[in-house]
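# Provided below for reference: sequence and predicted model.
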Amino acid sequence: MEVMLTVEGLEKSFKDKKVLKGISFEVRKGEIMAILGPNGAGKSTTIRNIMGIMYPDKGSVTFHQHNGKGIPREKIGYLPEERGLYKNVNVMDILLYLADLKDYPLHKAKERALMYLKKFDLEGKEKISVEELSKGMGQKVQFISSIIHEPELLILDEPFSGLDPVSQELFKEEIRSLADNGTAILLSSHQMNLVEEMCDRLFMIQRGQKVIYGTLNDVKTEYANFKCTIRGLNNRHELENIPEVVRVEDKGESSILYLEKDVDPGNWLKQLPDKINIHELNINRISLHEIFIDIATDKNLMKEGSEVLA
Ligand SMILES: Nc1ncnc2c1ncn2[C@@H]1O[C@H](COP(=O)(O)OP(=O)(O)OP(=O)(O)O)[C@@H](O)[C@H]1O
């Protein structure tokens, strides 16, 4: 797949604090690349450096063959973490104004604005002033403003925050459909369930450094060992002594058994001791949410220095 954006060796310090310590990744045409990490990890700083809101101390950002100040910004759409549109302007005017700033033809912008307002349940709201919109409605308008000019690269910083579940679904579907139509998407979000459902590849930062980079499948195969949830009263010690169990978490009447990497769940089940009390049993791979918590809290299911590369 064609590479749209290349981020190479980004380093950034604020005063004497180094916030980015050599961040490198790429975003390809038609894919959703998630950028993940705990609060303060450096996601928004990375995005701001890509957007030219600030410039890195070291490293480069290349969009197609352009870099630095030569990047054609009209081909990029950006939904910043900080929400905010001009307040006393009506919805259509602000959308047309922002499309015009990207040199997008007015008649096409108007058509697309009406189409998207309808899609996001804002039909008939084009004449009302932005300050009359609810927070979620405002966010929908801001999202529309980031895609109205048909950008080739779309950068979304926390697009789902503050949205109700129905609106989250609408955003999710639209983002997926943009990617399917060729837009390269860089998505930062803390909603791991949504990321897991949507993204093709992911890049995880911890303290300004890469900890994971790869396809969702690779990451799950590499880090997401199986876990077995058993409902039934059991002695923790006995559960811990079952072969290939790494750790056991007690949840009252149920226990979660985390299994070693590369365990074949079918074979593992066959050798469960008879004395284990089982009312219900589930085997699943660890979710992205759990992988994230493990890394962010330094519990580390991962081995030192291991990484997945696309
Ligand atoms: N303008 C700034 N001046 C000084 N420090 C900053 C500035 N912007 C960010 N930082 C610091 O850089 C680090 C990374 O911040 P950043 O906003 O990139 O994190 P983030 O991963 O986006 O976090 P969150 O999930 O909380 O949005 C933090 O320690 C933050 O305090």
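Right, received. Where do you want to start?
# Can you show me the CA trace of stretch 86-97 as PDB?
C-alpha atoms of stretch 86-97 as PDB (Å, rounded to 0.1, in the frame of the first residue of the first chain):
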ATOM      1  CA  TYR A  86     -16.100  30.200  16.000                       C
ATOM      2  CA  LYS A  87     -19.200  30.700  18.200                       C
ATOM      3  CA  ASN A  88     -21.500  33.200  16.600                       C
ATOM      4  CA  VAL A  89     -21.300  32.000  13.000                       C
ATOM      5  CA  ASN A  90     -23.900  29.600  11.500                       C
ATOM      6  CA  VAL A  91     -23.100  26.000  10.800                       C
ATOM      7  CA  MET A  92     -23.100  26.200   7.000                       C
ATOM      8  CA  ASP A  93     -21.000  29.400   6.900                       C
ATOM      9  CA  ILE A  94     -18.300  27.900   9.200                       C
ATOM     10  CA  LEU A  95     -18.100  24.700   7.100                       C
ATOM     11  CA  LEU A  96     -17.900  26.700   3.800                       C
ATOM     12  CA  TYR A  97     -15.300  29.100   5.300                       C
END
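# Show residues contacting it.
85, 106, 109-110, 113, 117, 122, 125-131, 133, 141, 144-145, 148 (C-beta atoms under 8 Å, 6 or more residues apart in numbering). Just so you know, the C-beta spots here come from the backbone N, C-alpha and C atoms, and that holds for glycine as well.
# Out of the residues you listed, which end up buried?
Among those, those buried by neighbour count (16 or more other C-beta atoms under 10 Å) are 85, 109-110, 113, 117, 122, 125-126, 130, 133, 141, 144-145, 148.
# where's V219, which helix or strand?
helix 216-223 (DSSP states H and E).
# buried ones in that helix?
Those would be 216, 218-220, 222-223, for helix 216-223 by 16+ other C-beta under 10 Å.
# which secondary structure elements does it contact?
When contacts are defined as 3 or more C-beta pairs under 8 Å, 6 or more residues apart in numbering; DSSP states H and E, helix 216-223 sits against strand 201-206, strand 209-215, helix 288-296.
# Redo these as a markdown table? Include mean pLDDT and mean neighbour count.
Conversion of those to a markdown table gives the following (pLDDT from 0 to 100; neighbours: other C-beta atoms under 10 Å):
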| stretch | mean pLDDT | mean neighbour count |
| --- | --- | --- |
| strand 201-206 | 93 | 24 |
| strand 209-215 | 92 | 19 |
| helix 288-296 | 83 | 20 |
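# The ligand: which of these is closest?
Shortest distance between the ligand and those, using C-beta to the nearest ligand atom, is found for strand 201-206: 6.7 Å.
# what does the closest one rub up against?
23, 25, 31-38, 41-43, 46, 195, 210-216, 219, 288, 292, 295-296, 310.
# at 7 Å instead, please
23, 25, 31, 33-38, 41-43, 195, 210-216, 219, 295-296, 310 (C-beta atoms under 7 Å, 6 or more residues apart in numbering).
# I appreciate the help and will end here.
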